[in-house]
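**Q** the following comprises the amino acid sequence and a computationally predicted model.
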Number of protein chains: 2
Amino acid sequence: MAKILPAAPFEGANENLSATTAPQDVSREDAATFDVLRKMREDILCCVLKPDQKLKFGELRQRYDTSVGTLREALSHLVSEGLARTEAGRGFQVSPISLADFLDLSELRVYLETKTLADAIRHGTDAWEAEIVSSYFLLSKLGAPKQDDSLSVKQEWGKRHKRYHDALVATCRSPWSLHYRSELFDQARRYHWLTMIHSRLHRRNEHLEIRDAVLARDSDLACSLLEQHIRTTVEQAVADVPGLIRGNARVLKPGKRRKS
Amino acid sequence: MAKILPAAPFEGANENLSATTAPQDVSREDAATFDVLRKMREDILCCVLKPDQKLKFGELRQRYDTSVGTLREALSHLVSEGLARTEAGRGFQVSPISLADFLDLSELRVYLETKTLADAIRHGTDAWEAEIVSSYFLLSKLGAPKQDDSLSVKQEWGKRHKRYHDALVATCRSPWSLHYRSELFDQARRYHWLTMIHSRLHRRNEHLEIRDAVLARDSDLACSLLEQHIRTTVEQAVADVPGLIRGNARVLKPGKRRKS
DNA sequence: CGGTTCAATATTTTCGAAAGTTTCGAAAAT
DNA sequence: ATTTTCGAAACTTTCGAAAATATTGAACCG
């Protein structure tokens, strides 16, 4: 009974899904707090709230039309996710970005994304395939956004891009891997946003290639393509976003201030 | 300039530590909120606040002597870390535990711990070695706690155990890996606590073996020992904690209630 | 002229009460 | 006997004001 683990990957009781303790992936939560949290996260991911920007309660309060306590709760969440920072008595600010961070982030993503993808393929179902087809369709219909596309178009593409990548790994059996994968994916979105703005490189239709490899259940090929997909994005950012290389990139008009 | 990543682990600008964006590992933060957060986390990790337990504001308010808003902020953090859950309008509760979760958790830990350890060994310094020696000394001085040791002894052992394991990987260069490793380590502490309570199995002095392998800079051996260390702990929990196997383990006297 | 002190201002942090939900149990209806 | 309805109690959520802390800028010495 105790001989479940002969120094090999854990196998026991994988069916017992009774209680997945991994952190609640942003789904339903408190009504108002969650709403503010979601909006703020989206704003940080899209660099509407810029890296390093000070997050003052006065401004936030009027921007999101809510109270200090609610804001504080949402900010607290963002700190845990790594999208904001806070210090003793001097409030909150958007987390900085840097090349070093993007590289570190991406390396871990390569491992987690491929691990979750391999497991998802292993346990794929019809519904899983259907969602991949569907989400890919929606993604391809929009096409990669260009520098002068509107904010809302870019945001919509971001949503569909995330939905597609989530769909790929949806049947992975490891809640913890899925959770961290998702957090890292969001982190990467901040950098992707900068890349979109400066986008110059031509890229193959990597999402299509991945989709087909996954649907063919070719795990090795799919993982390899996904790995390349992540690495190419890093290359593109390094090539296209000049600010990233020399430490703190301050993008999107550094001095712009909203009147309080 | 763009040819930094030939489909191999990222190498570029590893020196640029200007801005490590990975979430702030619990260090300094707000004064009061952080204090409450730390106490609550410790209580959950030690199962003083039991798995699945409802976290009512009335009780918490008097237990930690603070206001609702502060509690809410701390609870918010705990939810992000996976130690608590929350639902729409019905408050917070301690995250459940289960065998499936422990297995999942542990498998990811094996990867992250070995990855960070290998990197830490690669970049080890004198100060790093010194802290390993020192923290191991403190850990060994206490000896593995037994079932009838007092709560404070067990807690002290938990602190030293964490300090030792943190010391091993301290020089790892990947902030994100370190962050997730730390979160998973804390998660595992909840299960270790149960194992301590029921402890029956005899174990070799694994911490000493790991220490020596690490100090000898034998990366392969150290990682292998660390992997075994984690797996053995899982085996021990499976063998010793009967409740874990059949879904939700409710430990530490299920009916006990504190008077409000 | 550069640096320090101190008061005024701006901002954050904490708190308790009001408003809004959910839960529970008793009474009414099927 | 079982289900439904309703209202009271318990609890959660939200809010704005009071307290605490940090920042700014002007006046003051070395």
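**A** All right, it came through fine.
**Q** secondary structure class for the spatially most central residue of chain A?
**A** Nearest to the geometric centre of chain A sits A:Asp186, at 1.8 Å (Cα atoms, centre = their mean). A:Asp186 falls in the helix class when you classify it by DSSP: H, G, I helix; E, B strand; the rest coil.
**Q** for the closest residue to A:Val94 other than its chain neighbours, give me the pLDDT.
**A** Nearest residue to A:Val94, sequence neighbours excluded (Cβ to Cβ, 6 or more residues apart in numbering or on different chains): A:Gln53, at 4.7 Å. In short, each C-beta sits where N, CA and C put it, glycine included. Listed pLDDT for A:Gln53 reads 94.
**Q** same check on the one 3 residues further on?
**A** Predicted confidence (pLDDT) at A:Lys56: the value is 94.
**Q** how close does the nearest residue to A:Leu138 once chain neighbours are set aside get to A:Leu139?
**A** Distance criterion Cβ to Cβ, 6+ apart; nearest residue to A:Leu138, sequence neighbours excluded, is A:Arg160 at 5.0 Å. The gap separating A:Arg160 from A:Leu139 is 4 Å, by Cβ to Cβ, to the nearest Å.
**Q** so which bits of the stretch 1-150 of chain A are right by DNA strand D?
**A** A:30-33, A:66-70, A:73, A:88-90 (Cβ under 7 Å from any atom of the strand).
**Q** hmm, which of these are the buried ones?
**A** Buried subset of these (neighbour count, 16 or more other Cβ atoms under 10 Å in any protein chain shown): A:Asp30, A:Thr33, A:Thr66, A:Thr70, A:Glu73.
**Q** ok, the fourth one - contacts?
**A** This points to A:Thr70. By Cβ atoms under 8 Å, 6 or more residues apart in numbering or on different chains, the residues touching A:Thr70 are A:Ala32, A:Thr33, A:Val36.
**Q** also near chain B: which of those residues, exactly?
**A** A:Thr33 (Cβ under 8 Å from any Cβ of the partner chain).
**Q** can I get the contacts of A:Thr70 in JSON lines with secondary structure, distance to DNA strand C and pLDDT?
**A** JSON lines is the format used below for the contacts of A:Thr70 (DSSP: H, G, I helix; E, B strand; the rest coil; distance: Cβ to the nearest atom of the strand, whole Å; pLDDT from 0 to 100):
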{"residue": "A:Ala32", "secondary structure": "helix", "distance to DNA strand C": "10", "pLDDT": "78"}
{"residue": "A:Thr33", "secondary structure": "helix", "distance to DNA strand C": "13", "pLDDT": "86"}
{"residue": "A:Val36", "secondary structure": "helix", "distance to DNA strand C": "15", "pLDDT": "93"}
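**Q** which residue comes closest to A:Ser76 once chain neighbours are left out?
**A** B:Ser76 (4.4 Å).
**Q** could you identify the helix or strand that succeeds the helix or strand where the one you found lies?
**A** In this structure, B:Ser76 is located in helix B:68-81 according to DSSP states H and E. For helix B:68-81, the following helix or strand on the C-terminal side (DSSP H and E) is strand B:84-86.
**Q** A:Val214 and A:Ile132 touch, don't they?
**A** Yes. If you go by Cβ atoms under 8 Å, A:Val214 and A:Ile132 touch, sitting 6.4 Å apart.
**Q** mind listing the shared neighbours of those two?
**A** Each of A:Leu168 lies in contact with both A:Val214 and A:Ile132 under the rule Cβ under 8 Å, 6+ apart.
**Q** grab the two from the buried ones among the residues of the stretch 1-150 of chain A next to DNA strand D that are most spread out in space.
**A** Using Cβ to Cβ, these span at most 11.7 Å, a distance reached by A:Asp30 and A:Thr66.
**Q** sorry, back to before: neighbours around the residue nearest to A:Leu138, how many?
**A** The tally of other residues near A:Arg160 (other Cβ atoms under 10 Å in any protein chain shown) stands at 18.
**Q** with A:Asp65 instead?
**A** Per other Cβ under 10 Å, the neighbour tally for A:Asp65 reads 9.
**Q** per-residue pLDDT, it?
**A** A:Asp65 is assigned a pLDDT of 92 by the prediction.
**Q** what about A:Gly143, how many residues nearby?
**A** 10.
**Q** how close does the nearest residue to the residue nearest to the centre of chain A once chain neighbours are set aside sit to DNA strand C?
**A** Using Cβ to Cβ, 6+ apart and skipping residues adjacent in sequence, the residue nearest A:Asp186 is A:Leu45, 6.3 Å away. Applying Cβ to the nearest atom of the strand, to the nearest Å, the value for A:Leu45 to DNA strand C is 21 Å.
**Q** wait, A:Leu45 touches A:Tyr191, no?
**A** No. Between A:Leu45 and A:Tyr191 there is no contact under Cβ under 8 Å: 10.0 Å.
**Q** residue boundaries of the helices in chain A?
**A** A:31-45, A:57-64, A:68-81, A:99-122, A:126-142, A:151-169, A:175-198, A:206-215, A:219-240, A:242-245 (DSSP state H).
**Q** next, count neighbours for A:Gln53.
**A** A:Gln53 has 22 neighbouring residues, counting by other Cβ under 10 Å.
**Q** to clarify, my last question referred to A:Ser140.
**A** 15.
**Q** isn't it up against A:Leu208?
**A** Yes. Contact criterion Cβ under 8 Å: A:Ser140 and A:Leu208 qualify, at 7.1 Å.
**Q** end to end, how far does stretch A:160-177 reach?
**A** Stretch A:160-177 has an end-to-end distance of 21 Å (Cα to Cα, to the nearest Å).
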